[in-house]
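Chemist: Need coordinates for the following:
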Amino acid sequence: MHHVEEAHVRAALQTVMEPDLKKDLVSLGMIENIHIDDRNRVSFSVVLTTPACPMKNHIRQACIDAVRTYVPLADEIEVNMTAKVTSGGCGHHHGEDERPLKGVKNIVAVASGKGGVGKSTVAVNLAVSLAATGARVGLVDADLYGPSIPTMFGINDAKPEVVDKNLVPVEKYGIKLMSIGFLIETDTAVIWRGPMASSAIKQFITEVAWGELDYLIFDLPPGTGDIQLTLVHTIPLTGAVIVTTPQDLALADVSKAVSMFRKVHVPILGLVENMCYYELPDGTKDYIFGKAGGEKFAKAQGIAFLGSIPIGREVREGGDSGTPFVLGAKESVTATAMTRAAQEVARQISITNACGCGEPS
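Modeler: Predicted coordinates:
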């Protein structure tokens, strides 16, 4: 009986391209643990750049097809799909030694040009979606003027512990959480002056025990003020996700947010269009605020369009009940759209990290 050689399997897998990174899986170091037993049964692992990879099944099938085609002696083929989240080095203006958040692979800002576009809802459900894939995720409520994360996670009374002078994040649904709402009485109106706000954000970066994370998401206040700039200058952001609604006015405000991130050389991972339509009982879509505004805007700006999230009652119910809708209403069209958008965010992060430069292509 002829025996299948590891080199044959490796050569076959060199014909499989990673769809986004445009290189083969072998040269990208994504193939591990090739094993051939005495009956020519082949097994190997494919290490994806994120567990939220939307191309997982496509890549798996392409590997099986390649081995079948180029290694006809192979009997059974077993592909073990695993993931190791990549990091972009996160260091465009820091020496490695002084860099805060050393254990965090990717730091993502969720921003919007104006209020009322559901930015926090997107940030929360993005975090929950990524954590559900097995990634280690943290979420910072950096919207000091209207902290909503305690309510959205149903933990208004949570108080973080202090260990070795560091705040320990509160954990819920597998996510490490920090919010100014945990540290102040929630019914107290807080009027922050610029320097106070900047100082509070710096504390969330330097005095919280985040530990090892694949993704740390900052839910920013709307607009382009002090907090956004403090964040950009204090930590090396992997990139920004911008949330808008389809109306022209919202898109005009988004232009300012896009310009701000570009000015300070933060890659824009893409645009999420929220509240884009309402699905009627018969399945037709009512585009309340106009159609495809976000997609056209993203195209004109040369940034990735990450997806459209419809309006659904489950969004409000999830926000009020403390169970984010991607968990509480998993089967809804809204949850499906959000899960897809989260995969797209993870994908754009992988592309940005691979090219090590500017915005994802």
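
Chemist: ranges for the helices of the stretch 101-250 of the chain?
Modeler: Using DSSP state H, counting those that start in this stretch, the helices found in the stretch 101-250 of the chain span residues 119-132, 149-152, 194-206, 226-234, 248-263.

Chemist: could I get these as a markdown table with mean pLDDT and distance to residue 283?
Modeler: C-beta coordinates here come from the backbone N, C-alpha and C atoms, glycine included. Shown next, in a markdown table, are these (pLDDT from 0 to 100; distance: least, CB to CB, whole Å):
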| stretch | mean pLDDT | distance to residue 283 |
| --- | --- | --- |
| helix 119-132 | 93 | 23 |
| helix 149-152 | 88 | 29 |
| helix 194-206 | 79 | 43 |
| helix 226-234 | 81 | 40 |
| helix 248-263 | 84 | 27 |
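
Chemist: can you dump the C-alpha coordinates of the lowest-mean-pLDDT helix or strand in the chain into CSV?
Modeler: Ranked by mean pLDDT, DSSP states H and E, the weakest helix or strand in the chain is helix 313-321, scoring a mean of 76. Backbone C-alpha positions of helix 313-321 (Å, rounded to 0.1, in the frame of the first residue of the first chain) are rendered in CSV as follows:
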residue,chain,number,x,y,z
ARG,A,313,-39.1,45.2,19.1
GLU,A,314,-36.6,42.8,20.5
VAL,A,315,-33.9,45.6,20.4
ARG,A,316,-35.8,47.8,22.9
GLU,A,317,-36.9,44.8,25.0
GLY,A,318,-33.3,43.5,25.1
GLY,A,319,-32.0,46.9,26.2
ASP,A,320,-34.6,47.2,29.0
SER,A,321,-34.5,43.6,30.2
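
Chemist: which residues sit against that helix?
Modeler: By CB atoms under 8 Å, 6 or more residues apart in numbering, the residues outside helix 313-321 that reach it are 118, 121, 125, 148, 151-152, 154, 324-325, 327-329, 332, 334-335.

Chemist: same thing but at 7 Å, please
Modeler: By CB atoms under 7 Å, 6 or more residues apart in numbering, the residues outside helix 313-321 that reach it are 121, 152, 154, 324, 325, 328, 329, 332, 334.

Chemist: The closest residue to the fifth one other than its chain neighbours - how many residues pack around it?
Modeler: Read that as residue 325. The shortest distance from residue 325 to any non-neighbouring residue, by CB to CB, 6 or more residues apart in numbering, is to residue 318 (3.6 Å). If you count neighbours by other CB atoms under 10 Å, residue 318 ends up with 25.

Chemist: what about the closest residue to residue 113 other than its chain neighbours, how many residues close to it?
Modeler: Once flanking residues are discounted, residue 113 sits nearest to residue 253: 2.9 Å by CB to CB, 6+ apart. Residue 253 is flanked by 20 other residues according to other CB under 10 Å.

Chemist: From what I see, residue 253 and residue 116 are in contact.
Modeler: No: the criterion here is CB atoms under 7 Å, and residue 253 misses it with residue 116 at 10.4 Å.

Chemist: Low-confidence regions, the stretch 1-150 of the chain specifically.
Modeler: 1, 89-99 (pLDDT under 70).

Chemist: what's the single longest helix in this protein?
Modeler: Identified as the longest helix of the chain according to DSSP state H is helix 333-355.

Chemist: Most tightly packed of the helices of the stretch 101-250 of the chain?
Modeler: Ranked by mean neighbour count, the helices of the stretch 101-250 of the chain are led by helix 119-132 with a mean of 27 (mean count of other CB atoms under 10 Å).
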